[in-house]
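In: fold the following and give me the result.
(chains A and B)
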Amino acid sequence: DAGVIQSPRHEVTEMGQEVTLRCKPISGHDYLFWYRQTMMRGLELLIYFNNNVPIDDSGMPEDRFSAKMPNASFSTLKIQPSEPRDSAVYFCASSLPGTSPKFYEQYFGPGTRLTVT
Amino acid sequence: DAKTTQPPSMDCAEGRAANLPCNHSTISGNEYVYWYRQIHSQGPQYIIHGLKNNETNEMASLIITEDRKSSTLILPHATLRDTAVYYCIVRPSFYNNNDMRFGAGTRLTVKP
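Out: Numbering: from 1, shown residues only, chains lettered A, B, ... in the order given. Sure, this is the predicted structure:
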């Protein structure tokens, strides 16, 4: 199993540019999560999907952030326009369907390190 | 949600068992204990979880006290690659809060 795949691994962009982060979850996992990690704020949940449907986007910081999951094997997180304070490591994670404990048994990708200058 | 308390750092000799404690004295009956770790520059990695019985998998063992107020993650034969920050998290058995916010964790350093 390849695990959760994220691309790109590193992204450097200028303020105001659009940034698109990509994620391929583990096959068979029904839940997909987007997180952001910074030194100051730690790991924060941005949004999660169940069967491709967004369930909770209360963690999305503002309208500049949007996420989609067009099918079970692909999701994107878009920032438009990007700002320096968006600089962070963005993680995608997935988990199995089934009993509630499995929801928190999440498998993370390697992350995308975003730097906005 | 129950809060957890972990020592900020620990050292362990390579090949020896690493025992990482976690205090969760306010845990409620429907909350599970989960352990994750994060190796430098990598994503968090799920290790194990349990409710009240001790659990073991290929990575580690989880020992939960009878009163469930504390637990210990055991890495039976620590290697240098086990150097990481280890997080103990308590989450409910139902979906009332989907936040997987990690605390400060324990920074485990495995030394040769």
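In: whichever residue of chain A sits closest to chain B - how many residues pack around it?
Out: As assessed by Cβ to the nearest Cβ, chain B sits closest to residue A:108 within chain A, at 3.4 Å. For the C-beta atoms, the positions are set from N, CA and C on the backbone; glycine is no exception. By other Cβ atoms under 10 Å in any protein chain shown, 23 other residues sit near residue A:108.
In: over to the one 4 residues further on?
Out: Other residues near residue A:112 number 22, with proximity taken as other Cβ under 10 Å.
In: enumerate every residue touching it.
Out: A:6, A:7, A:8, A:9, A:10, A:11, A:21, A:89, A:90 (Cβ atoms under 8 Å, 6 or more residues apart in numbering or on different chains).
In: which intervals of chain A have sub-threshold pLDDT?
Out: Along chain A, the parts satisfying pLDDT under 70 run over A:1, A:98-100.
In: what does it put close to chain B?
Out: Chain A comes close to chain B at residues A:4, A:33, A:35, A:42-45, A:48, A:55-56, A:59, A:91, A:93, A:100-101, A:103-111, as judged by Cβ under 8 Å from any Cβ of the partner chain.
In: again, 10 Å this time
Out: For chain A, the residues in contact with chain B (Cβ under 10 Å from any Cβ of the partner chain) are A:3-4, A:6, A:31, A:33, A:35, A:37, A:41-45, A:47-48, A:50, A:55-56, A:58-59, A:89, A:91-93, A:95, A:99-111, A:113.
In: that older thread, how near is the residue of chain A closest to chain B to residue B:80?
Out: Distance check for residue A:108 against residue B:80: by Cβ to Cβ, to the nearest Å, it reads 22 Å.
In: then residue B:72?
Out: To residue B:80, residue B:72 is 22 Å away according to Cβ to Cβ.
In: ditto for residue B:57
Out: 21 Å.
In: cool, residue A:62 as well?
Out: 42 Å.
In: point out where chain B drops to low pLDDT.
Out: For chain B, the ranges with pLDDT under 70 are B:1-2, B:93-99.
In: how about it: which residue is closest to chain A?
Out: Closest point on chain B to chain A, by Cβ to the nearest Cβ, is residue B:43, at 3.4 Å.
In: which residues touch the nearest residue to that residue once chain neighbours are set aside?
Out: Distance criterion Cβ to Cβ, 6 or more residues apart in numbering or on different chains; nearest residue to residue B:43, sequence neighbours excluded, is residue A:108 at 3.4 Å. Taking Cβ atoms under 10 Å, 6 or more residues apart in numbering or on different chains as the contact definition, residue A:108 lies against A:3-4, A:6, A:33, A:35, A:43, A:91-94, B:36, B:38, B:42-46, B:100.
In: and these, which are buried?
Out: For these, a burial check counting by 16 or more other Cβ atoms under 10 Å in any protein chain shown picks out A:4, A:6, A:33, A:35, A:43, A:91-94, B:36, B:38, B:43-46, B:100.
In: residue B:33 should be in a strand, yeah?
Out: Yes: assigned with DSSP: H, G, I helix; E, B strand; the rest coil, residue B:33 falls within a strand.
In: work out for me the element the most centrally placed residue in chain A sits within.
Out: Nearest to the geometric centre of chain A sits residue A:34, at 2.7 Å (Cα atoms, centre = their mean). Assessed by DSSP states H and E, residue A:34 sits inside strand A:31-38.
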